[in-house]
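> predicted model follows, preceded by the sequence.
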Amino acid sequence: MSYKAVHDAWKADPEGFWLREAARIDWSVPPTRALDDSRAPLYAWYPGAEANTCWNAVDRHVEAGHGERIAIIHDSPVTDSVSRITYAELRDRVARLAGALAARGIGRGDRVIIYMPMVPEALEAMLACARLGAVHSVVFGGFAAHELAVRIDDFTPKAILSASCGIEPGRVVPYGPLLEDAISQARHAPEFCVILERPQAQVALTPGRDIAWADFVAGAAPAPCVPVAATDPLYVLYTSGTTGQPKGVVRPSGGHMVALHWSMENIYGMRPGDVFWAASDVGWVVGHSYICYGPLLMGCTTVVFEGKPVGTPDAATFWRVIRDHGVRAFFTAPTAFRAIKREDPKGEMIAGYDTSCLQALFLAGERADPDTIEWAAKVLGVPVIDHWWQTETGWAIAANPMGIEALPVKLGSPTVAMPGYDIRILDEGGHEVPRGTLGAVAVKLPLPPGTLSTLWNAEERFVKSYLSHFPGYYETGDAGYVDEEGYIYIMARTDDVINVAGHRLSTGAMEEVLAAHPDVAECAVIGIADALKGQLPMGFVCLNRGCNREHSEVIRECIAMVRDQIGPVAAFKLTVVVERLPKTRSGKILRATMVRIANGEAFRTPATIDDPAVLDEIRSNLSEIGYPAR
């Protein structure tokens, strides 16, 4: 079938479409209807149905005779090790861990926090919770103690599963002190903690509360899979909130399985036994959807990578992993490729690696600028597919459905809406705007299976944050437009659309121009306050390694390019060369924080920042050109 035929089938009968897809999942109690809209605008998928995610991700493949298939490849250049786990081994390990948790009183509806590095045990912990019907919340390993404490108090877990350390290029990050500090700060106390002891760091176990992972699972009786309601939460994943209080995105189990299974086949073109690699972290939504659950639900082999795109040991590490493990589809953030491009601008390091197994590269997590897409396509020689989604949606809102048909790529567009997502572009009053007009990107309710159902213990906040601004729609918080062929363009977060003397301009469009400069490795554009024009754009550019040109000369060229391609209306005059941009650990550029620094406003260092020292560097760079203005 063509994409149009699939999309039309969904449009004609949305509930029938998702009921047919649900038949590809093993259910204890199969669904008889797809959607419960009795509490609109709050919707529930597959009411009355029951299943178990761990069964569908692990056990059923073993029962079908595929126990010897590799489920997980752990590739860890930071420890110089590679290991493999079959589906049969994974089932046994998860069942024993689940049995040990059950023996300590963890059962259906109980809550467990997972605070771990990129090791197979992190996935086993997620699956063990799912096996018991317990709800997990994964917190990025090494997250600050205060932020972990906030999540402990909001989620009130019975148990925490952690490790002695994480490993970064050139350093070991002990988790013990962070965990101890978080528990001491939190009002809620877990009943017990299980600690995976790694040889790179020792940890002092607190008697009566902590137990070593190996001791915990030793001799444990394997636990069976517990059927849970399709509407029960599988996990809660915290994402940053504008109030400083994190938002706990709730993911119901049933729709999650259906949507991820559909996406693995139809978006990523994967089949059982294929090797899929998402170079992310289990602490982010990509890690939940496409390191753990999605590949395993499809019966694929998933790569768990403990390393970085550069520095472990060099800018060719991605090419090695693809070659060594026969990766068929690769998913990462554009910032990873910009880091590689900065170290190896001509892409020469791939020459020593046979990556012919790779069929496609998928990019998401932030806007993929055309220059990065073109560079990656030239280096890898495969389609480079930008697609767009959010923590809240759990899978792609817009994508190029490579498993159905490869649609023509339009640079700057994540292509077209996936089934279930009725995308509309609205003005501030909630009215649809003409094709090609910039506006707020919204999705007509209901959202499809796999998306969030609410926020943890905060239903009112859920409605206010996402459903109240445009009644009848989910507000994505992104700005963009749709062209005449239905291709979607995401230009910026709504807050990043700036108003220059009454003209609404996309900072994303300016970033595309800057990224095309041959000496620019990556860039960001923000809107700063201006007494005359309201706002002015300011560009930040990082240069390629080996660029020895005068910074002033590069800046002049960048300004000229923006004026030529966007127009004088942009009033683009301010550009700063910086060594690096402030980013979250998932690679998103912290533009809002940069705006506050440039405007001289007070700001709170984001909990998700990768390296707080970068903010001091940005402040110094701005000071050199007279900002914040006095």
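That came through fine. Numbers count the residues shown, from 1 in each chain.
> the least confident helix or strand in the chain by mean pLDDT: partners in the sheet, and parallel or antiparallel?
The helix or strand of the chain with the poorest confidence is strand 503-506; it has a mean of 76 (mean pLDDT, DSSP states H and E). Counting by DSSP bridges, the strands paired with strand 503-506 are strand 497-500 (antiparallel).
> what does the partner strand contact?
Strand 497-500 is contacted by residues 438, 479, 491, 504-507, 527, 533-537, 569-571 when judged by CB atoms under 8 Å, 6 or more residues apart in numbering. For the C-beta atoms, the positions are set from N, CA and C on the backbone; glycine is no exception.
> pretty sure Gly67 sits in a strand.
No - using DSSP: H, G, I helix; E, B strand; the rest coil, the assignment for Gly67 is coil, not a strand.
> what is the burial count for it?
Using other CB atoms under 10 Å, the number of residues around Gly67 comes to 18.
> quickly note the distance from it to Leu297.
In this view, Gly67 and Leu297 are 16 Å apart by CB to CB, to the nearest Å.
> in this protein, which helix is the longest?
Under DSSP state H, the helix in the chain containing the largest number of residues is helix 87-103.
> pull the CA atoms of that one into PDB?
Provided in PDB are the C-alpha atoms of helix 87-103 (Å, rounded to 0.1, in the frame of the first residue of the first chain):
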ATOM      1  CA  TYR A  87      16.000 -13.200  23.800                       C
ATOM      2  CA  ALA A  88      16.000 -16.400  26.000                       C
ATOM      3  CA  GLU A  89      18.700 -15.000  28.200                       C
ATOM      4  CA  LEU A  90      16.900 -11.700  28.400                       C
ATOM      5  CA  ARG A  91      13.700 -13.400  29.500                       C
ATOM      6  CA  ASP A  92      15.400 -15.300  32.200                       C
ATOM      7  CA  ARG A  93      17.300 -12.300  33.500                       C
ATOM      8  CA  VAL A  94      14.200 -10.100  33.500                       C
ATOM      9  CA  ALA A  95      12.000 -12.800  35.100                       C
ATOM     10  CA  ARG A  96      14.600 -13.300  38.000                       C
ATOM     11  CA  LEU A  97      14.800  -9.600  38.600                       C
ATOM     12  CA  ALA A  98      11.000  -9.300  38.600                       C
ATOM     13  CA  GLY A  99      10.900 -12.200  41.000                       C
ATOM     14  CA  ALA A 100      13.300 -10.500  43.300                       C
ATOM     15  CA  LEU A 101      11.300  -7.300  43.200                       C
ATOM     16  CA  ALA A 102       8.000  -9.200  43.800                       C
ATOM     17  CA  ALA A 103       9.600 -10.900  46.800                       C
END
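> please report how far Pro41 lies from Asp92.
44 Å.
> repeat that for Arg545.
47 Å.
> quick check on those two: which one has the bigger neighbour count.
A count of neighbours by other CB under 10 Å puts Asp92 above the other of Arg545 and Asp92, at 16 against 12.
> spatially nearest residue to the more buried one, not counting backbone neighbours?
Leaving out its chain neighbours, the residue that sits closest to Asp92 by CB to CB, 6 or more residues apart in numbering is Pro222, at 6.9 Å.
> same question, Ile528
Ile528 sits nearest to Ala598 (CB to CB, 6+ apart), 4.5 Å away.
> can you tell me how far the one you found sits from Pro628?
6 Å.
> quick one: common contacting residues for these two?
Common contact partners of Ala598 and Pro628 (CB under 8 Å, 6+ apart): Leu622.
> the more surrounded of those two?
Ala598 (24 against 15).
> and the next helix or strand past the helix or strand containing the more buried one?
Assigned by DSSP states H and E, Ala598 belongs to helix 591-599. Using DSSP H and E, the helix or strand that follows helix 591-599 in sequence is helix 613-624.
> send the alpha carbons of that next one over as PDB?
Extracted C-alpha coordinates of helix 613-624, given in PDB (Å, rounded to 0.1, in the frame of the first residue of the first chain):
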ATOM      1  CA  ALA A 613      30.300  26.000  32.500                       C
ATOM      2  CA  VAL A 614      29.100  26.700  29.000                       C
ATOM      3  CA  LEU A 615      26.800  29.400  30.400                       C
ATOM      4  CA  ASP A 616      29.700  31.300  31.800                       C
ATOM      5  CA  GLU A 617      31.500  31.100  28.400                       C
ATOM      6  CA  ILE A 618      28.400  32.500  26.700                       C
ATOM      7  CA  ARG A 619      28.100  35.300  29.200                       C
ATOM      8  CA  SER A 620      31.800  36.100  28.500                       C
ATOM      9  CA  ASN A 621      31.300  36.000  24.700                       C
ATOM     10  CA  LEU A 622      28.300  38.400  25.000                       C
ATOM     11  CA  SER A 623      30.100  40.700  27.300                       C
ATOM     12  CA  GLU A 624      32.800  41.200  24.700                       C
END
